[in-house]
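S.K.: Structure of the sequence below:
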Amino acid sequence: MRSVQRGVPLLILLLFVGTAGGQVPDGYVPDQPMPMDPATPAVLPMETRAEVINDWLETRLDTVVAAAMRAEAVDLWIVSGREYNEGPVLETMLPATWQSARRRTILVFHDRGPGEGLERLAVSRYDVGDLFRTAWDKDEQPDQWARLAEIVQARDPERIAVNRSDVFALANGMTDTEYAQLRGALPDQYEERLVSEEGLAVRWLETRTEAEREVYPQVVRLARSIIATGLSEQVIQPGVTTTDDVEWWYRERIRDRGLTAWFHPTVSMQRPGTTKDGDFSSEQEGRVIRPGDLLHVDFGITYLRLHTDTQQHAYVLRPGETAAPKGLQHGLRVGNRLQDLMTERFETGRTGNEVLSATLEAAEAEGIDATVYGHPIGFHGHGAGPLIGLWDQQEGVPGKGEVPLRPNTAHSIELNVAVSVPEWGGQEVLIRLEEDALFTGEAVRYLDGRQTELYLIPRP
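M.R.: Numbering: from 1, shown residues only. Model (predicted):
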């Protein structure tokens, strides 16, 4: 955990109120609150989902690829992979009914220029759905790589991009074997035109289209409705239910809804007399949930190829209580304030490291003990694009933190604050929050609001 200096100037202290470990402006009320117990949105039948995914994919191939190639000054892009070893980019370009690539699948994008538009081909034994027509007749040219070389020579591109990257695993999908065979097939003059253009893959993965931006809030609402039920008396019986029980209930509920989880849900707790540090490599296991506990859940689903990633808190009421202790409520407000300090510093072209540094500087000025570790989200839970810190790298992240923010990208606003809770004898508590949001290029909008009140168990 990053420890901020406690020596805050007196003038600043007079402007803020709150318990030790975090001040918020007097009268502060966070905006964009979430619905506390939302109804579960309808989940589409599998056939309809496939239709939606394929419609979105066709639009993406028609628009996002061309824009990305021109932004990165790429004339021709080769995306290659084999069955069960497709690579992250190729996986997102396959039709909804394809569970994997067929044999070796090579996709080729050629930018013929603004007046001509984008050409896309499959150097494959099969058409790739209705999106890529095969440009390889094995009877005429038995060698698949030789046929690719013919296509490249006919178009004579100046810059040929392949998915190779030292920084982003998601942009590093072309294996050494595929790369060696590609180089061996191309005439010598084209070898020097090959570029490992990670920026192209990142732009493809991180850009959210208009249709995706319209539906993404409902995907997050779907995840949030499951979270809310799990953090209620419908699932938790204090004194009996364990954190493991809730984790597995979430896993079963996700499957019952016809969805998938991209990581195993985790549920942990803090209570008076316990300590919790900033090392998240392990969580408490199998602890019985009791009145007075502060629960934390980390939860993510995949639906329509979009991912969610959410961390929220609930308080288990003691007999006679109707609300959580004010110190815990204040801690959530401090967390909301840190979210504001972070999202207010989103700016097109600003790098993740710059957002991180500016956020931590602002938090320190307000006396907030902050740790910030936001990340892109979309086709992958930990998506391609700028990292805004890691929980154990608060000085900046080489490589991934140096990527600039771009419009129409989605991000998990992930962070924690350490606050002292008077009702727990001044014990330090971590408020760990994560909410998914869209960056429009001008502002950050939470996809389905954010937690501004603690869930209560049972509900009053």
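
S.K.: ranges for the helices of this protein?
M.R.: For the chain, helices defined by DSSP state H occupy the ranges 10-15, 46-71, 88-93, 144-155, 176-185, 188-191, 198-206, 210-230, 243-256, 326-343, 352-365.

S.K.: just so I know, which of those lies nearest residue 99?
M.R.: helix 88-93 (10.1 Å; C-beta to C-beta). Glycine gets a C-beta too; all of them are placed from N, C-alpha and C.

S.K.: Give me the distance between the closest one and the centre of its chain.
M.R.: On the basis of C-alpha atoms, centre = their mean, to the nearest Å, helix 88-93 is displaced by 16 Å from the centre of the chain it belongs to.

S.K.: which residues touch it?
M.R.: 57, 61, 79-81, 101, 105, 107, 128, 131, 163, 169-171, 173, 201, 204-205, 305, 379-380 (C-beta atoms under 8 Å, 6 or more residues apart in numbering).

S.K.: Show me just the buried residues among the residues you listed.
M.R.: Buried subset of the contacts of helix 88-93 (neighbour count, 16 or more other C-beta atoms under 10 Å): 57, 61, 79-81, 101, 105, 107, 128, 131, 163, 170-171, 173, 201, 204-205, 305, 379-380.

S.K.: What is the neighbour count of residue 361?
M.R.: 12 (other C-beta atoms under 10 Å).

S.K.: buried stuff in stretch 101-113?
M.R.: Going by neighbour count (16+ other C-beta under 10 Å), the buried part of stretch 101-113 is 101, 104, 105, 106, 107, 108, 109, 110, 111.

S.K.: can I get the CA coordinates of that stretch in CSV?
M.R.: Coordinates of the C-alpha atoms in stretch 101-113 are reproduced here as CSV (Å, rounded to 0.1, in the frame of the first residue of the first chain):
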residue,chain,number,x,y,z
ALA,A,101,-9.7,-21.2,-35.4
ARG,A,102,-9.9,-23.8,-38.2
ARG,A,103,-6.5,-25.4,-38.8
ARG,A,104,-4.3,-22.4,-39.5
THR,A,105,-6.4,-19.2,-40.0
ILE,A,106,-4.7,-16.2,-41.5
LEU,A,107,-6.6,-12.9,-41.7
VAL,A,108,-5.3,-10.1,-43.9
PHE,A,109,-6.4,-6.5,-43.8
HIS,A,110,-5.2,-4.2,-46.6
ASP,A,111,-5.9,-0.5,-46.5
ARG,A,112,-6.4,0.6,-50.1
GLY,A,113,-6.6,4.2,-49.1
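
S.K.: Start from the N-terminal end of the stretch 351-460 of the chain and give the strands.
M.R.: Ranges of strands within the stretch 351-460 of the chain are 369-372, 375-377, 409-421, 427-439, 444-446, 455-457, based on DSSP state E, counting those that start in this stretch.

S.K.: So which elements touch the last one?
M.R.: Counting contacts by 3 or more C-beta pairs under 8 Å, 6 or more residues apart in numbering; DSSP states H and E, strand 455-457 packs against strand 310-316.

S.K.: by contact count, what packs against the strand it packs on?
M.R.: Contact analysis of strand 310-316 by 3+ C-beta pairs under 8 Å, 6+ apart lists helix 210-230, strand 294-299, strand 427-439, strand 455-457 as its packing neighbours.

S.K.: Can you say which of those is nearest to residue 35?
M.R.: helix 210-230 (7.7 Å).

S.K.: what angle separates that closest one from strand 409-421?
M.R.: Here helix 210-230 runs at 30 degrees with respect to strand 409-421, directions being taken by axes from the mean of the first three to the mean of the last three C-alpha atoms, to 10 degrees.

S.K.: need the contact list for residue 363.
M.R.: Residue 363 sits in contact with 4, 338, 341, 369, 370, 372, where contact means C-beta under 8 Å, 6+ apart.

S.K.: now, among those, which is nearest to residue 300?
M.R.: Closest approach between the contacts of residue 363 and residue 300, by C-beta to C-beta: residue 372, at 19.1 Å.

S.K.: beta partners for the closest one?
M.R.: On the basis of DSSP bridges, residue 372 takes part in beta bridges with residue 415.

S.K.: so who does it touch?
M.R.: With contacts taken as C-beta under 8 Å, 6+ apart, residue 372 has the following neighbours: 338, 342, 356, 359, 360, 363, 388, 389, 394, 414, 415.

S.K.: again, but for residue 131
M.R.: Counting by C-beta under 8 Å, 6+ apart, residue 131 makes contact with 54, 57, 58, 61, 93, 95, 120.

S.K.: Near the third one, how many other residues are there?
M.R.: It stands for residue 58. Applying other C-beta under 10 Å, we find 14 residues neighbouring residue 58.

S.K.: Residue 81 is in contact with residue 103, correct?
M.R.: No: using C-beta atoms under 8 Å, residue 103 is not in contact with residue 81; the gap is 10.4 Å.

S.K.: where's residue 104 relative to residue 83, distance?
M.R.: Note on residue 104: its distance to residue 83, by C-beta to C-beta, to the nearest Å, is 8 Å.

S.K.: Give me the neighbour count for residue 292.
M.R.: The burial count for residue 292: 18, using other C-beta under 10 Å.

S.K.: should've said residue 301
M.R.: Close neighbours of residue 301, defined as other C-beta under 10 Å, add up to 26.

S.K.: Hmm, it is touching residue 258, no?
M.R.: No: proximity of residue 301 to residue 258 does not meet the contact threshold set by C-beta under 8 Å, at 10.6 Å.

S.K.: between these two, what contacts are shared?
M.R.: What both residue 301 and residue 258 touch, as defined by C-beta under 8 Å, 6+ apart, is an empty set.

S.K.: what's the first-to-last distance across stretch 26-35?
M.R.: Distance between the two ends of stretch 26-35: 25 Å, counting by C-alpha to C-alpha, to the nearest Å.

S.K.: again, but for stretch 308-319
M.R.: End residues of stretch 308-319 are separated by 35 Å (C-alpha to C-alpha).

S.K.: and that stretch, average pLDDT?
M.R.: Predicted confidence along stretch 308-319 averages 98 (mean pLDDT).

S.K.: How is this structure divided into domains?
M.R.: According to automatic domain parsing, the chain is divided into the following domains: 10-42+208-457, 73-196.

S.K.: Export those domains as TSV, with columns for distance to residue 65.
M.R.: Written out in TSV, the entries for the domains of the chain read as follows (distance: least, C-beta to C-beta, whole Å):
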stretch	distance to residue 65
domain 10-42+208-457	12
domain 73-196	6
